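**Q** Provided below are the primary sequence and the corresponding predicted coordinates.
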Number of protein chains: 2
Amino acid sequence: MTAPLHETRPSGAARALPDTQRGMRRRNLARVLHAVSAEGSLSRAAVATRIGLTRAAVSTLVDELIRWGLLEELGPERPGRVGRPGSALTVSGRGPAGIGAEIGVDHLAVCAVDLRGAVRARAVRHTANRGRAPGPVVEELTELVRQVVAEAEREALWPAGLAVAVPGLVARDGRTVVRAPNLDWHDTDLDPLLPGDWPLTVDNEANFGALAELWLGDGTARDFLHVSAEIGIGAAVVVDGGLLRGTRGFAGELGHVPVRPDGPPCPCGGRGCLEQYAGEEAVLRAAGLKPREDMVGLLAGRAEQGDASVRAALRDAGTALGIALTGAVNLLDPETVVLGGALAGLSPWLLPALEAELTGRTAGPPCPVTVSRLGPEGPLLGAAHSVVRGVLDDPAVVAERS
Amino acid sequence: MTAPLHETRPSGAARALPDTQRGMRRRNLARVLHAVSAEGSLSRAAVATRIGLTRAAVSTLVDELIRWGLLEELGPERPGRVGRPGSALTVSGRGPAGIGAEIGVDHLAVCAVDLRGAVRARAVRHTANRGRAPGPVVEELTELVRQVVAEAEREALWPAGLAVAVPGLVARDGRTVVRAPNLDWHDTDLDPLLPGDWPLTVDNEANFGALAELWLGDGTARDFLHVSAEIGIGAAVVVDGGLLRGTRGFAGELGHVPVRPDGPPCPCGGRGCLEQYAGEEAVLRAAGLKPREDMVGLLAGRAEQGDASVRAALRDAGTALGIALTGAVNLLDPETVVLGGALAGLSPWLLPALEAELTGRTAGPPCPVTVSRLGPEGPLLGAAHSVVRGVLDDPAVVAERS
DNA sequence: CTATTTCGTCATGGCCGTTTACAAATTAGT
DNA sequence: ACTAATTTGTAAACGGCCATGACGAAATAG
């Protein structure tokens, strides 16, 4: 099953091209590819009306995309209406693929996604990475990457780029991990450690998770708040189909929004930050449990069994989340709030208090809160898809590369 | 003195044009005009290198803009370097003008701004509009508009559009006032009431104030939070040189961010909203004063004289603002926070507590807080400039109009 | 006074989407 | 079954637009 790609308009890169004839051509190639990708299957005439060019122009654009191996002709459509049936076009299932990788505290994962959005190869390995040096970890990851790439190549795919999701803060250069507390990495440039055969992007796993929700989630929302709690509590802000990164790349620090200004002190210097109420440690302490791996499973299991103190701890966390989110919603007026990552698994016990707080504090119709169905797969898929989006946004690059 | 226009890239409208040769031409015309506008005076060759086109292409674009009366030739530049000196180009001081208007609770104002950004005509009238019906108010405003337009036309300017700033919530259609509590207007479509000779835009005065800060402010920041307190407390969020409006147009409701979740109830349904601590009424009550016109002047005067209760009230308001802004800054990581509108005048007494709160609650370098130097003029100037920006973003429209 | 550099313009050329025309393939109507 | 209408995809002519390369003009450097 091919995941539908909701986004229709090219989203950035292609827009930066100079306004010259060549740039125009490149943008139009991207628009054709986007249109077909969004619809799954489309005739030349349908593409033409959809993107506002003439059939003749679209024909030459399609020819070029077919020559590059990015589009395929499926043959005549089943005619439902009068007139000659169009010839269906589809994004090719062979050719460039996006390689996504994820470095977690207790696992490594890699996958390959084709232009259609389908996962075509994957590899996972469970390893305890907490406190382990970057060198060996990335070496092990590289092994998985080579494995996945080999598997993809057997299916006539070639890697168009590598995107790595890490549980920490990443510099805006998209290469160096500034700080990953759970791994104990600081200012580590991953570029020299990874295979340099393809373009590399490194980003926060929460950001990739939010992008996955944008591109693969159920809704078609282009403005939402994606809240996740892997390292701290982060909220990726998606505005008009793009990630808001902030001037220093620090946007989305929901964990340090003040919830009770006179509350307990926080390492950040403030008092009563959200993380003091809904952070991993805080919830465990409130529930009377000791830290260990697979926190989420533990909490969910106990809550399922009816453990009163765990339920109370989660309810209080939901309340705190609701207060912080009320502020965020008032400020940004998003279409929805999406709970992802660890929060998705705990949502049954968080949501009631969270929504009570959110609706109680809003005058008009409250902002709907949904739960991501991507679960823990989000960041990995988002990473792989970010590479695919790059190709969709500027198909001409693959021509230069082959 | 001509105000510098910081923004260089076209910011929206022109980007939506179809990617056809005609659209490309229009975008390039806009880029040339933007380049000259941003620099004040530029030669053809300088424009060419700046926007990435050849000198030949820029020549034809400039010719067209001169023919339309949007650019003027100033003659040869003073040669500082080797080589033939260029011929300086400037944005024309005649031709299209933006007409900005403001409806306040105690005044009406209109001004005309030319393409250079200079105010060329203005008219102000003090009237008590609180609770007055839209009809008579707009009629009086229309009179001022006609006056300003006549004055502008004597200077060889013609109105390219009318933008009206109102103290209330405006629908996304840019025509109807949904709710203006201080005027007691509800769902009023201003379009039929205003002279229909030119394109009309209506928007919240806080939004126009933020845009004025973006276009005319000291900094060149493209990402900031502009906080103002005219009706309630609003924060306009500027991201990448554009206003974040939210899905329903309600973004920026800083006044209802929870500051103390168990605080006093707020009409919005919540408890302890910022407005309960830093809103007009709350500050007056805390200072032991009764509501009347010119709140800001009153408070500033008393604080200046050393009135302890007023100073305490303002300090507490500053603290509450600081708490709410800490949340916003953590979420958005803006370049700066700008205090505008009424807050600018009260900043000497608000800032210390506000900044203490903001720096105390942030780990890294705190987000700098600045005070707008535009003062109460902001919304009016922003409105007029928004029309000018429209011309700069797509100069071809004026050719169709004349 | 000459060589060099830079500016603005002109003619040429190539690229690209549009326009117009036409053949192919299907449905609707008789 | 046959014709008319409709829609699709392609081909050729057209026009617009930017790039290229060359040239004269106007300044500086030596």
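**A** Ah, there it is. Numbering: from 1, shown residues only, chains lettered A, B, ... in the order given.

**Q** Any idea how many residues pack against A:A206?
**A** 29 (other Cβ atoms under 10 Å in any protein chain shown). C-beta here means a position set from N, CA and C on the backbone, and glycine is covered the same way.

**Q** same deal with A:R84?
**A** 9.

**Q** does A:A45 sit in a helix, a strand or a coil?
**A** Here A:A45 is helix, with the state taken from DSSP: H, G, I helix; E, B strand; the rest coil.

**Q** I figured it hits A:G86, correct?
**A** Yes - A:A45 is within contact range of A:G86, at 5.5 Å (criterion: Cβ atoms under 8 Å).

**Q** separation between A:A46 and B:L350?
**A** Distance of A:A46 to B:L350, computed by Cβ to Cβ, to the nearest Å: 58 Å.

**Q** Sorry, slip of the keys, the one I care about is A:T176.
**A** The gap separating A:T176 from B:L350 is 39 Å, by Cβ to Cβ.

**Q** neighbour count winner among the two?
**A** Taking other Cβ under 10 Å, A:T176 and B:L350 do not tie; B:L350 has more neighbours (27 against 17).

**Q** If I look at that one, what pLDDT would I see?
**A** Per-residue confidence (pLDDT) for B:L350: 97.

**Q** tell me the contacts of it?
**A** B:L314, B:R315, B:A317, B:G318, B:L321, B:L339, B:L343 (Cβ atoms under 8 Å, 6 or more residues apart in numbering or on different chains).

**Q** Among those residues, which one sits closest to A:E143?
**A** Distance to A:E143 across the contacts of B:L350 (Cβ to Cβ) is lowest for B:L321, with 53.0 Å.

**Q** Wait, the closest one touches B:A278, no?
**A** Yes - counting by Cβ under 8 Å, B:L321 touches B:A278, with 5.1 Å between them.

**Q** what touches both of those two?
**A** B:I233.

**Q** Would you check how far apart A:V237 and A:D114 are?
**A** In terms of Cβ to Cβ, A:V237 sits 29 Å off from A:D114.

**Q** ok, those two, which is more surrounded?
**A** A:V237 (27 against 24).

**Q** Run a quick check on that one versus A:G252, I expect a contact.
**A** Yes - between A:V237 and A:G252 there is a contact at 5.8 Å, judged by Cβ under 8 Å.

**Q** which neighbours do the two share?
**A** Joint contacts of A:V237 and A:G252 (Cβ under 8 Å, 6+ apart) are A:L244, B:L331.

**Q** Residue numbers of chain A in contact with DNA strand C?
**A** Within chain A, the positions adjacent to DNA strand C are A:21-22, A:24-25, A:28, A:52-54, A:56-57, A:60-61, A:76, A:79, A:81-85 by Cβ under 7 Å from any atom of the strand.

**Q** ok, now with 6 Å
**A** Contact residues (Cβ under 6 Å from any atom of the strand) of chain A with DNA strand C: A:21-22, A:24-25, A:28, A:53-54, A:56-57, A:60, A:76, A:79, A:82-85.

**Q** Give me the buried subset of these.
**A** A:M24, A:R25, A:N28, A:L53, A:A57 (16 or more other Cβ atoms under 10 Å in any protein chain shown).

**Q** Tell me the predicted confidence for the last one.
**A** Looking back up the chat, that one is A:A57. 97.

**Q** Show me what the helix or strand hosting it is packed against.
**A** Assigned by DSSP states H and E, A:A57 falls within helix A:55-67. If you count contacts as 3 or more Cβ pairs under 8 Å, 6 or more residues apart in numbering or on different chains; DSSP states H and E, helix A:55-67 packs onto helix A:21-39, helix A:44-51, strand A:71-76.

**Q** how about the residue in chain A positioned nearest to DNA strand D, what does it touch?
**A** Nearest to DNA strand D in chain A, going by Cβ to the nearest atom of the strand, is A:G83, at a distance of 2.0 Å. Residues near A:G83 by Cβ under 8 Å, 6+ apart: none.

**Q** Is it in a helix, a strand, or coil?
**A** coil.

**Q** For it, grab phi and psi.
**A** Backbone torsions of A:G83, given as degrees, to the nearest 10, read phi 100, psi 170.

**Q** any idea how far it is from A:E153?
**A** Counting by Cβ to Cβ, the gap from A:G83 to A:E153 is 42 Å.

**Q** for A:T188, same thing?
**A** Taking Cβ to Cβ, one finds A:T188 at 29 Å from A:E153.

**Q** Repeat that for A:M295.
**A** Taking Cβ to Cβ, one finds A:M295 at 38 Å from A:E153.

**Q** Between those two, point out the one with more neighbours.
**A** Taking neighbours as other Cβ under 10 Å, A:M295 and A:E153 compare with A:M295 leading, 18 against 14.

**Q** list the contacts for the nearest residue to the more buried one once chain neighbours are set aside?
**A** Computed as Cβ to Cβ, 6 or more residues apart in numbering or on different chains, the closest residue to A:M295 that is not its neighbour in sequence is A:E280, at 6.0 Å. Residues in contact with A:E280, defined by Cβ under 8 Å, 6+ apart, are A:A229, A:P291, A:M295.

**Q** The residue lying closest to the first one once chain neighbours are set aside and A:I233: what is the separation?
**A** Across the structure, with Cβ to Cβ, 6+ apart as the measure, the residue nearest A:A229 apart from its sequence neighbours is A:A342 (4.8 Å). Plainly put, A:A342 is 10 Å away from A:I233 if you go by Cβ to Cβ.

**Q** swap in A:S92?
**A** In terms of Cβ to Cβ, A:S92 sits 40 Å off from A:I233.

**Q** So for these two, which sits in the more crowded spot?
**A** A:I233 (29 against 19).

**Q** didn't the more buried one look like it was pressed against A:Y277?
**A** No - taking contacts as Cβ under 8 Å, A:I233 lies outside contact range of A:Y277: 9.8 Å.

**Q** in the stretch 251-400 of chain A, which spans are strands?
**A** Remark: strands assigned in the stretch 251-400 of chain A by DSSP state E, counting those that start in this stretch are A:336-339, A:369-371.
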